[in-house]
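Novice: fold the following for me, if possible:
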Amino acid sequence: RCEAVCEAGGARVGEQRTMVVTAGGEAREEVPQDYLVRFADAYDREVQAWVDATRQGRVTGPSAWDGYAASAVAEAGVRSLEGGGRVAVEMAPRPQLYAGFGG
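Specialist: Next up is the predicted model:
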């Protein structure tokens, strides 16, 4: 950790991924706009879990059904924005093939 304390505020680096700047009784930090920067650790852990499972002859991670469900939720979100209210998520019945996967 590194911290610079100055007359009008300070800056701290090393606790998180970004610098925290304090001045005028406020603390601010940058939120990276690139999702790859913000979620790099999560992606690395997900890929490593997949590699580990593959080495053990197991399958892990999201299924095609999970992708379908995410698309259905996103589509409902767009309809909600267009209509300005709540919208039900509409999905087809889950095929038996995906019965053993997630929720």
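
Novice: just list whatever residues bridge to V21.
Specialist: In this entry, V21 is beta-bridged to A11, R28, by DSSP bridges.

Novice: residue numbering should commence at 19 henceforth.
Specialist: I'll keep to 19 as the first residue from here, and by that count the last item is V39.

Novice: what sits up against stretch 94-103?
Specialist: 104-108 (Cβ atoms under 8 Å, 6 or more residues apart in numbering). The C-beta positions use only the backbone N, C-alpha and C, and glycine is treated the same way.

Novice: now render those residues as a markdown table, adding pLDDT.
Specialist: Formatted as a markdown table, the contacts of stretch 94-103 follow (pLDDT from 0 to 100):
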| residue | pLDDT |
| --- | --- |
| R104 | 89 |
| V105 | 92 |
| A106 | 93 |
| V107 | 94 |
| E108 | 93 |
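
Novice: show me the contacts for the residue nearest to the spatial centre of the chain.
Specialist: Among the residues of the chain, F57 comes closest to the average C-alpha position under Cα atoms, centre = their mean, at 6.0 Å. For F57, the contact set (Cβ under 8 Å, 6+ apart) is empty.

Novice: still on that earlier bit, most neighbours among the contacts of stretch 94-103, please name it.
Specialist: Neighbour counts for the contacts of stretch 94-103 (other Cβ atoms under 10 Å) peak at V105, which has 15 neighbours.

Novice: many thanks, have a good one.
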